[in-house]
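Undergrad: here is a sequence together with a model predicted from it:
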Amino acid sequence: MLELNKIYNEDCLAGMKRIDDKSIDLIVTDPPYLINYKSNRRVKQEKFDHIKNDKNSDNLIVSYLKECSRIMKDDTAIYCFCSWHHIDLFKTEFEKHFKLKNIIVWNKNNHGSGDLKGSYAPKHEFILYGHKGRPLLKNKRISDVIDFPKISSSKLFHPNEKPVGLIDLFIKANSLENDIVFDGFSGAGSVLLSAKQLNRSFIGFELDENYFNIANKRIGEAK
């Protein structure tokens, strides 16, 4: 079993092989959306590069969700962020391993750019919420449409960074103090930071050395 409360700078599919079967209490994860994401905002110098492994490779999600199921304890939950672009793939693979309970809609209250003249302004993301077994919510039941503001662009550490406060909702709903929270695509560390601040243990992976360093810094500075 890997050391707890640590981020590993390596490919998660390789690293997860060192995690014991049925050892994780909760997964909250934000894998690549498989769209080769890079912001299209019209600025002189783009702040972020393309996301590593964010290419249209079905095998990444297929293998990752299978491994997630293996390492999760019975009667535990998983939250998996995704976008509409490949929700068919995400949902199909998710349901091979988990009972899909909700497709949560995160209303970011601030739309992105996209095709300015040919499409509606994107303002939401999806979160697949599912069970391995039958875990019960530990907090008051809330709506499957969650209004939570996105992080302003000037404060982002990562182009797809999720607000820690949003992650807090999920960790509180499906874990207890000292439980182990896992995220195989840690980015700038929002899931792991939330876990630490809520007195949970964590294991994370991040392939990109820059974001790995950022996440470690944020977590190290957290109370």
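TA: Looks like it came in fine.

Undergrad: drop to CA atoms for contacts and neighbour counts, all remaining ones
TA: Will do.

Undergrad: list the buried residues in the helix or strand encompassing Tyr211.
TA: Using DSSP states H and E, Tyr211 sits within helix 209-221. For helix 209-221, the neighbour count (16 or more other CA atoms under 10 Å) marks 211-216, 219 as buried.

Undergrad: possible to save those as a markdown table with pLDDT?
TA: A markdown table is the format used below for the buried residues of helix 209-221 (pLDDT from 0 to 100):
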| residue | pLDDT |
| --- | --- |
| Tyr211 | 95 |
| Phe212 | 96 |
| Asn213 | 97 |
| Ile214 | 96 |
| Ala215 | 96 |
| Asn216 | 96 |
| Ile219 | 96 |
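
Undergrad: so Asp168 versus Glu209, what's the distance?
TA: 25 Å (CA to CA, to the nearest Å).

Undergrad: next one: Gly130
TA: Using CA to CA, Gly130 is found at 30 Å from Glu209.

Undergrad: with Ile87 instead?
TA: Going from Ile87 to Glu209 by CA to CA gives 28 Å.

Undergrad: alpha carbons of the longest strand anywhere in the chain, as CSV, please.
TA: As assigned by DSSP state E, the longest strand anywhere in the chain is strand 72-82. Extracted in CSV, the C-alpha atoms of strand 72-82 (Å, rounded to 0.1, in the frame of the first residue of the first chain):
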residue,chain,number,x,y,z
MET,A,72,-12.5,1.1,-3.6
LYS,A,73,-14.0,-0.5,-0.5
ASP,A,74,-17.4,-2.0,-0.6
ASP,A,75,-20.3,0.4,0.1
THR,A,76,-18.3,3.5,-1.0
ALA,A,77,-18.9,6.3,-3.5
ILE,A,78,-17.2,7.9,-6.5
TYR,A,79,-17.6,11.3,-8.1
CYS,A,80,-16.2,11.7,-11.6
PHE,A,81,-16.2,15.1,-13.4
CYS,A,82,-16.7,15.1,-17.1
